[in-house]
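Novice: Need a 3D model of the sequence below.
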Amino acid sequence: MTLRTVNLTRPITTDSPAGSLFPWEAPYRTEEIATLTYNGANLFHITMGSGSATRLLGPALGSPSGATVDQLPPQRLVDRAAVVVSCPTGPGGEISADAVRVALADADLRSGDAVVLATGWGDDPGRFADEAYYLDGPYLGVEAARALVEILGANSSDLLLTDCLYLDRPGGDHARTEWTALQPWLRPAYPSDAARTYLAHYRPDKVRHDWAATLALTGSVWTVAGLVGCGTLAGRRVRLTLAPLNVHGVGEVPCTVIAQVPGDDGAPAEPVFSSGEPT
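Specialist: As a prediction, the model looks like this:
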C-alpha cells in the first residue's frame with residue numbers, strides 16, 4: 001500500500017493576528033540578525049508565545065506536579081495509530097458531551113488509539129489571516145472535555161488532537177470581555193505593560209472559569225490544538241507523528257503534526273514540500 005503524507009500543522013507567519021488577541025499570548029515576530037545581501041547568510045531573532053499555531057499541551061499547563069512536554073516519551077510521538085472522528089461544528093459552536101459520545105461511538109476506535117477530533121474549522125487556509133477565524137472558532141464544553149477524559153481513559157488512549165484553535169471558548173468569559181473587546185490600541189500585545197497589568201489581575205478563579213475544559217482535559221490527556229486540513233480525513237484511520245519543540249520545563253509548545261494516509265484515493269503518493277518538489 002502506498003502512503004501519502006499530510007502536514008496538519010498551521011503555518012506560523014507574521015501576517016497572522018494569532019498571538020495578539022489575548023493577554024497571555026505573544027505574536028510571532030522576526031528581526032534580521034544578518035542578511036544574505038550584506039553578510040552572506042540570513043539569520044533571524046525570533047520571538048513567539050508558547051501557544052503559537054499548532055501546539056502540544058500537557059499536564060504541567062495546569063498542575064505544578066504535572067508532566068512537562070519534554071517528559072513525553074519520544075516513542076509516544078512517532079507512528080501513532082489514530083482515528084479521525086468527525087464532529088462538524090459551526091462558528092462559535094460549543095461541542096457538547098453528547099456530540100463527543102456519538103462521534104466516538106460511530107468511530108473505528110481501537111485500544112490505545114490517538115483520537116483526532118475534526119470539526120472542519122481548520123480546512124480553509126484563506127481564513128488564517130482573518131481575526132474572526134481565531135475569535136469565532138468552535139470549542140469544547142467542560143462536560144465534553146470530561147467525557148473525552150472518561151472515554152479515552154477507558155480505551156487506554158493518551159492523546160487527543162483537534163482542529164479547534166482553543167479547547168475552551170476563545171478568551172473565555174473574562175478575558176474576552178475585559179481585554180479582547182477593547183480597541184486594539186488599548187490592548188497592546190504581551191510583553192506590554194498593559195498586558196502584564198491585566199495578567200496581574202487575571203487570578204486563578206478567572207482562569208479556572210475561562211480554561212475549564214483545557215484544565216479538565218490536559219490534566220490526564222496529552223492534547224494538540226490548532227490542527228489544519230484534517231476535515232477531509234474524517235472517518236479514516238491514519239498514522240501520526242508529532243514533533244514538539246524540545247523545550248524543558250513547560251506545559252505547552254508549538255508542535256508539528258504529520259499524518260500518513262493510504263495513497264490509493266487519487267491523491268499523490270509522494271509527500272510534497274513548499275517548493276513543489278517531491279521527496
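Novice: Go through the helix ranked longest in the chain and flag the buried ones.
Specialist: Determined from DSSP state H, the single longest helix within the chain is helix 142-154. Using 16 or more other C-beta atoms under 10 Å as the test for burial, helix 142-154 gives 142, 143, 144, 145, 146, 147, 148, 149, 151, 152. C-beta here means a position set from N, CA and C on the backbone, and glycine is covered the same way.
Novice: any idea how far the second one lies from residue 221?
Specialist: Separation of residue 143 from residue 221 (C-beta to C-beta, to the nearest Å): 15 Å.
Novice: need the next SSE after the longest helix of the chain, C-terminal direction.
Specialist: Going down the chain from helix 142-154, the next helix or strand is strand 159-162, by DSSP states H and E.
Novice: Return that following strand as CSV; C-alpha atoms alone will do.
Specialist: Output of strand 159-162 as CSV, limited to C-alpha atoms (Å, rounded to 0.1, in the frame of the first residue of the first chain):
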residue,chain,number,x,y,z
LEU,A,159,-3.5,11.5,23.0
LEU,A,160,-6.2,13.8,21.6
LEU,A,161,-5.8,16.1,18.7
THR,A,162,-8.3,18.7,17.3
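Novice: Run through who's touching that strand.
Specialist: With contacts defined as C-beta atoms under 8 Å, 6 or more residues apart in numbering, strand 159-162 is touched by 8, 76, 80, 82, 114-119, 140, 148, 152, 217, 221-225, 227, 230, 240, 257.
Novice: Mind jotting down where the strands sit in the stretch 101-250 of the chain?
Specialist: 114-118, 139-140, 159-162, 222-225, 237-244 (DSSP state E, counting those that start in this stretch).
Novice: Could you list the low-pLDDT ranges of the stretch 51-200 of the chain?
Specialist: Applying pLDDT under 70 to the stretch 51-200 of the chain flags no residue at all.
Novice: can you give me the helices in it?
Specialist: 97-105, 131-135, 142-154, 174-175, 193-200 (DSSP state H, counting those that start in this stretch).
Novice: Which strands and helices lie in contact with the first one?
Specialist: Right, helix 97-105. strand 80-86, strand 114-118, helix 142-154 (3 or more C-beta pairs under 8 Å, 6 or more residues apart in numbering; DSSP states H and E).
Novice: gap between the shortest one and the chain center?
Specialist: Mean-position distance between strand 114-118 and its chain equals 12 Å (C-alpha atoms, centre = their mean, to the nearest Å).
Novice: Now do it against helix 142-154, angle only.
Specialist: Angle, strand 114-118 to helix 142-154, by axes from the mean of the first three to the mean of the last three C-alpha atoms, to 10 degrees: 150 degrees.
Novice: buried sites along strand 114-118?
Specialist: 114, 115, 116, 117, 118.
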